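1. With the input below, show me the fold.
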Amino acid sequence: MTIVSKIPCTIVTGFLGAGKTTLVRHVVENAKGRRLAILVNEFGDVGFDKSFLATCGVEGCTEDSIVELPNGCICCTVADDFVPALETLLARAEPPEHILIETSGLALPKPLVQAFQWPAIRSRVTVDGVVAVVDGPAVASGAFAEDPEALAAQRAADQSVDHDNPLEEVFEDQLLCADLVVLNKADLIDAATRARVRAEVEKQLPRAVKVVETENGVIDPRVLLGLGAAAEDDLDARPSHHGADEDHDHDDFETVALPVRPAVTAGDLAARVEKAAETDGVLRIKGFAEVEGKAMRLVVQGVGRRVAHHFDRPWRPGEPRDGTLVVIGLKGFDRDAVAAALAG
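-> Purely as a prediction, here's the structure:
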């Protein structure tokens, strides 16, 4: 009898802007010939993450190796999107040796881990590990925490106040399911702050989980791949704010794709994005744009009020250069204000 080993899959989770895509791209660039495939889930209409990954330039890393699941949440569309996409990868003449699954920043990882128990795939794949990428400066600023004093004051004024923090719940669920935590952007906070953030993260972990610090998602792939967690067989050790039968949706969040005119300089566009990010409720801005007189495509990524940009590759012959930025925020954020800021 021939025993067919299961293909390991690594789930990369983490909140909006934590650096998941950058980390995945680094792993692909340093795979040293290992045959990888990527499933990437976007929250929004524009496939920024797939396009960013597809420009890695590594031989053998083609757009065919990257499957995109757009317009929703991978943890909510398991039967319709995730399982069929995984089956497509497994049916290839040369199946991948390892599959990286990058969730959207608003996805809960546990329902995705549970999906590996589906009869169609359970004998063929296993969850090698769940990697939670954490934005160090965001945690340091208290982006995911309730303000206990403010909450107490609200309750005193109105006992019926809805105090649930959707950011905090998503962030905590991602940590509760992790086999490894990557504390990213560690270079942007000092040593004392790193120690405080690390302690806050470790306090959320339900079991012994290693926490590693990184800058710009740079980490040895051997640290991420080969954890051997078989997480689908270990669900009881991964608690969640959301029960197995509880509906999970993203009504607290919304997204919009906005056109952006060519920038005079990269700094000019970064300044416009920074101003747009000041709009109440805006969580994340990302996309591509043209800079006048430049042959390279500009990548812009904003998390809160922190904006980064770089040129990633030359524009291809005949490729449309229409700039588009995806804005993700809390439901009801002022889209007109964001559009006005981006227009300059």
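
2. Which secondary structure elements does the longest strand anywhere in the chain sit against?
-> The strand spanning the most residues in the chain, taking DSSP state E as the definition, is strand 125-135. In this structure, strand 125-135 makes packing contacts with strand 7-14, helix 20-29, helix 109-115, helix 166-176, strand 180-184, judged by 3 or more Cβ pairs under 8 Å, 6 or more residues apart in numbering; DSSP states H and E. The way it works is simple: take the backbone N, C-alpha and C, and place the C-beta from them, glycine included.

3. Pairing partners for that strand, with directions?
-> strand 7-14 (parallel), strand 180-184 (parallel) (DSSP bridges).

4. will you turn those into TSV that also has mean pLDDT?
-> Listed next are the strands paired with strand 125-135 as TSV, based on pLDDT from 0 to 100:
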stretch	mean pLDDT
strand 7-14	95
strand 180-184	97
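
5. could those strands be laid out in JSON lines, adding distance to residue 290 and mean neighbour count?
-> Output for these, formatted as JSON lines (distance: least, Cβ to Cβ, whole Å; neighbours: other Cβ atoms under 10 Å):
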{"stretch": "strand 7-14", "distance to residue 290": "29", "mean neighbour count": "26"}
{"stretch": "strand 180-184", "distance to residue 290": "29", "mean neighbour count": "24"}
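
6. Return the residues in contact with residue 302.
-> 17, 273, 274, 276, 277, 284, 285, 286, 308 (Cβ atoms under 8 Å, 6 or more residues apart in numbering).

7. does it sit in a helix or strand, and which one?
-> Per DSSP states H and E: residue 302 is located in strand 296-303.

8. just to revisit the earlier point, dump the contacts of residue 302 to CSV, plus pLDDT.
-> Below are those laid out as CSV (pLDDT from 0 to 100):
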residue, pLDDT
17, 83
273, 93
274, 92
276, 93
277, 89
284, 84
285, 89
286, 86
308, 86
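
9. Pick the one among these closest to residue 88.
-> residue 286 (26.5 Å; Cβ to Cβ).

10. Can you give me the distance of that closest one to residue 273?
-> Using Cβ to Cβ, to the nearest Å, residue 286 is found at 9 Å from residue 273.

11. Report the set of residues contacting both of these two.
-> With Cβ under 8 Å, 6+ apart, residue 286 and residue 273 have common neighbours 300, 302, 325.

12. rewinding a little: helices - which of the contacts of residue 302 land there?
-> Counting by DSSP state H, the contacts of residue 302 place 273, 274, 276, 277 in helices.

13. which one of these has the most neighbours?
-> Among the ones in helices among the contacts of residue 302, residue 273 has the most neighbours (other Cβ atoms under 10 Å), with 27 neighbours.

14. what's near enough to touch that residue?
-> 285, 300, 302, 307, 325, 342 are the contacts of residue 273 under Cβ under 8 Å, 6+ apart.

15. Taking these, please make a PyMOL selection of just the buried ones.
-> The PyMOL command for the buried members of the contacts of residue 273 (criterion: 16 or more other Cβ atoms under 10 Å) is given here:
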select buried, resi 285+300+302+307+325+342
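
16. picking up where we left off before, could I get the shared contacts of residue 286 and residue 273 in CSV, plus columns for distance to residue 9 and pLDDT?
-> Shown next, in CSV, are these (distance: Cβ to Cβ, whole Å; pLDDT from 0 to 100):
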residue, distance to residue 9, pLDDT
300, 31, 89
302, 30, 85
325, 31, 91
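
17. I'd like those written out as a markdown table, with distance to residue 120 added.
-> A markdown table is the format used below for the shared contacts of residue 286 and residue 273 (distance: Cβ to Cβ, whole Å):
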| residue | distance to residue 120 |
| --- | --- |
| 300 | 39 |
| 302 | 39 |
| 325 | 38 |
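
18. Among those residues, which one lies nearest to residue 178?
-> residue 302 (25.4 Å).

19. Quick check: bridge partners of the closest one?
-> residue 285, residue 307.

20. so where's the protein uncertain?
-> 1-4, 42-80, 145-166, 242-251 (pLDDT under 70).

21. Identify the spatial nearest neighbour of the residue nearest to the spatial centre of it, chain neighbours not counted.
-> Per Cα atoms, centre = their mean, the C-alpha nearest to the average position across the chain is that of residue 105, at 4.1 Å. Leaving aside its chain neighbours, residue 105 sits nearest to residue 16 (3.4 Å; criterion: Cβ to Cβ, 6 or more residues apart in numbering).

22. Quick check: the one you found touching residue 303?
-> Yes: Residue 16 lies in contact with residue 303 (Cβ atoms under 8 Å); the separation is 7.0 Å.

23. picking up where we left off before, from the chain's centroid, how far away is the longest strand of the chain?
-> How far strand 125-135 lies from its chain's middle: 11 Å, per Cα atoms, centre = their mean, to the nearest Å.

24. ok, back up a step: which members of the ones in helices among the contacts of residue 302 are the farthest-apart pair?
-> Going by Cβ to Cβ, the pair spanning those furthest: 274 and 276, at 7.3 Å.

25. sorry, back to before: can you check which of the helices and strands packed on strand 125-135 gets nearest to residue 82?
-> helix 109-115 (5.9 Å).

26. can you map out the strands along the stretch 51-200 of the chain?
-> Using DSSP state E, counting those that start in this stretch, the strands of the stretch 51-200 of the chain run over residues 66-69, 98-102, 125-135, 180-184.

27. Of all these, which one is nearest residue 28?
-> strand 98-102 (7.6 Å).

28. Sheet-wise, list the partners of that closest one with their directions.
-> Assessed with DSSP bridges, strand 98-102 is paired to strand 7-14 (parallel), strand 36-41 (parallel).
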